[in-house]
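1. My questions concern the predicted model and sequence given below.
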Amino acid sequence: MLRPVKTYADALGVFRWDIPTRYNIGVDVIDKHVSAGHGSRPALIYESESGAIERFSFRDIARKSNQLANLLVAHDVGPGDRIAILLPQRPETAISHIAIYKAGMIAVPLFTLFGPDALEFRLADSGARALITDTTSLERIAPIRARLPQLACLFVIDGAGSEAGSSVDFRRAMEAASDRFTPVDTLAEDPAIIIYTSGTTGQPKGALHAQRVLLGHLPGVEMPHDFFPQPGDHFWTPADWAWIGGLFDVLLPAWHHGVPVLAYRFRKFDPEEAFSLMARHGVRNVFLPPTALKLMRQIPQPRQRFPFALRTVGSGGETLGPELLDWGREHLGVTVNEFYGQTECNLIVANCAALTAPRPGSMGRAVPGHDVVVLDDRGNVAHAGIEGEIAVRRPDPVMFLRYWNNREATDKKFLGDWLLTGDRCRQDDEGHFWFVGRADDVITTAGYRVGPGEIEECLMKHPAVALAAAVGIPDLLRTEVIKAFIVLKPTYAPSEGLATEIQEFVKRQLAAHEYPRLLEFVDTLPMTATGKIMRGELRLSHR
């Protein structure tokens, strides 16, 4: 734990990792509180779309996760097997994660806005043996079910879902299951979760993390939330629990410390409702992606209209400008602390207003416990002021084990003992990191990192498309919007109607945040001699 200190140097001096040989996330974040006699403390407050509120203690989560663990084992699923979770922010999502970790299985969280193509690839690539979902998402599984022979069982939390094949009525089966379960005695290095992250070419890659990944996240949560936890803390984020930000920046670190978490599902983010939600539930700590902050900034006089009282706000994924930081101080009543990381190695750089005032435009300094540097183009540690690539030395508790089923991509991620982030940066004399740009072509849109390869592959499935390229175009609200450049087949002609049809096609097959908001028909695409699309030229051509 990062103890309160007065200076950043003190934080570096006193911090030490304490990673046990044997460790299990589920036992740590839930069972230990029950064993310590704190089982009655609030763990989760869930407000449904109808406004109904459910409250769960740590004992409640322990019992329900034990029931689910027993249910999974009864259906011939064992340690090391992959269990996919296709659910929004709701109690069953959290319970599923805890059960999977305690049973020594591997969780595969999936975003509820994914279309059939995106779901099929992730389920097939991970070799998921079971899927926990609801009837809303089940209709996207039915068309691809026959092509997933390894998917032995579906657990449907709000219905039987027999139309999708072998399935289990979640609620009925849970009622019959025992609430006693002996957790698997896992090693800290045992795999616990696969989170798919997009790259610039080909399909997404599954970042495989060990049980220790939660412990690796803790200083990166405690620092930007000003020595979290403090008495009265209560955490919430609109970030989906299918992503590393929702799970490991909020839910699981809060539970590690015995802090309650608020769960609420936005079908579409509503800034006024966000203020109202924080006020009526007494939220004290929040992780808000930059796009959410930009939308909330449009609401006039929020503190006068909604009686919220925040202690900390953390934000990451995109650099915040001085205007947004000033707005946060005036209208949120706190300094927004930026942090930086990526799915493979998260929360490694951060600001902490309790130690020093953030420098607008800087992502912060290395979080204690992480050796973060800038490497120059020759692979040497760069001097202050020299631009290069952000790199992290291994071993590191928060660092991923490998890419699932992708040895080549894993090898390319490292240069010796340095994990390469693919992000360009420079560091000043006092250790502050200043983001320059991505070395690859990953698009950051509305807080999501989207790889052009997956979008291009989907575009190519449309009958009118001969060639396609996707790039990010600067946008004030979303940081970047996705633009597609399309070469049509000879029998098709450009038209507004066809452009809309192609956009809707991608939205249905992948996800709403992955469809190209801009689309341009072109005769040819710029390519290298080896046939690689020159996306940099396409970005320049938009200006």
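-> Cool, got the structure.

2. The residue lying closest to Tyr264 once chain neighbours are set aside bridge partners, please.
-> Leaving aside its sequence neighbours, Tyr264 sits nearest to Glu47 (Cβ to Cβ, 6 or more residues apart in numbering; 4.9 Å). The C-beta positions use only the backbone N, C-alpha and C, and glycine is treated the same way. Here Glu47 sits in beta bridges with Ile53, Tyr264, going by DSSP bridges.

3. From Arg265, how far out is Glu47?
-> According to Cβ to Cβ, to the nearest Å, Glu47 stands 9 Å off from Arg265.

4. With Val213 instead?
-> 25 Å.

5. Those two: who's more crowded?
-> For Val213 versus Arg265, neighbours defined as other Cβ atoms under 10 Å are more numerous around Val213 (27 against 17).

6. quick one, phi psi at the residue nearest to that one when sequence neighbours are not counted?
-> Leaving out its chain neighbours, the residue that sits closest to Val213 by Cβ to Cβ, 6+ apart is Val398, at 6.0 Å. Backbone torsions for Val398, taken as degrees, to the nearest 10, come to phi -90, psi -10.

7. Return the set of buried residues in stretch 55-67.
-> Phe56, Ser57, Phe58, Arg59, Asp60, Ile61, Ala62, Arg63, Lys64, Ser65, Asn66, Gln67 (16 or more other Cβ atoms under 10 Å).

8. again with stretch 419-430
-> Buried residues in stretch 419-430, counted by 16+ other Cβ under 10 Å: Leu419, Leu420, Thr421, Gly422, Asp423, Arg424, Cys425, Arg426, Gln427.

9. chain center to the lengthiest helix in the chain, what's the gap?
-> Using DSSP state H to define each element, the chain has its longest helix at helix 58-74. When distances are taken as Cα atoms, centre = their mean, to the nearest Å, helix 58-74 is centred 24 Å away from the chain's centroid.

10. which residues are contacting that helix?
-> Residues external to helix 58-74 that are found in contact with it (Cβ atoms under 8 Å, 6 or more residues apart in numbering): 26, 30-31, 33-34, 38-41, 43-44, 56, 83, 91, 94-96, 98-100, 102-103, 105, 130, 155, 168, 173-174, 177-181, 183, 255, 258.

11. Next step: those restricted to strands.
-> Within the contacts of helix 58-74, residues falling in strands by DSSP state E are Ala43, Leu44, Phe56, Ile83, Ala130, Phe155, Val168.

12. so the fifth one makes contact with Leu148?
-> No - Ala130 lies out of contact with Leu148 (Cβ atoms under 8 Å); the separation is 11.1 Å.

13. Now do the phi/psi pair for His462.
-> Backbone torsions for His462, taken as degrees, to the nearest 10, come to phi -70, psi 140.

14. measure it to Gly451 for me?
-> As judged by Cβ to Cβ, His462 and Gly451 stand 19 Å apart.

15. Just give me the neighbour total for Met460.
-> So Met460, with other Cβ under 10 Å, has 12 neighbours.

16. which residue packs closest to it, ignoring adjacent ones?
-> Nearest to Met460 is Ala468, by Cβ to Cβ, 6+ apart, at 5.6 Å.

17. Retrieve the pLDDT associated with that neighbour.
-> Looking at Ala468, its pLDDT reads 89.

18. Packing partners of whatever helix or strand it lives in?
-> Taking DSSP states H and E as the definition, Ala468 sits inside strand 465-475. Applying 3 or more Cβ pairs under 8 Å, 6 or more residues apart in numbering; DSSP states H and E, we find strand 465-475 packed against strand 443-445, helix 452-459, strand 479-488, helix 535-542.

19. just checking, what packs against the third one?
-> Using 3+ Cβ pairs under 8 Å, 6+ apart as the contact criterion, the secondary-structure elements in contact with strand 479-488 are strand 443-445, helix 452-459, strand 465-475, helix 496-509, strand 518-521, helix 535-542.
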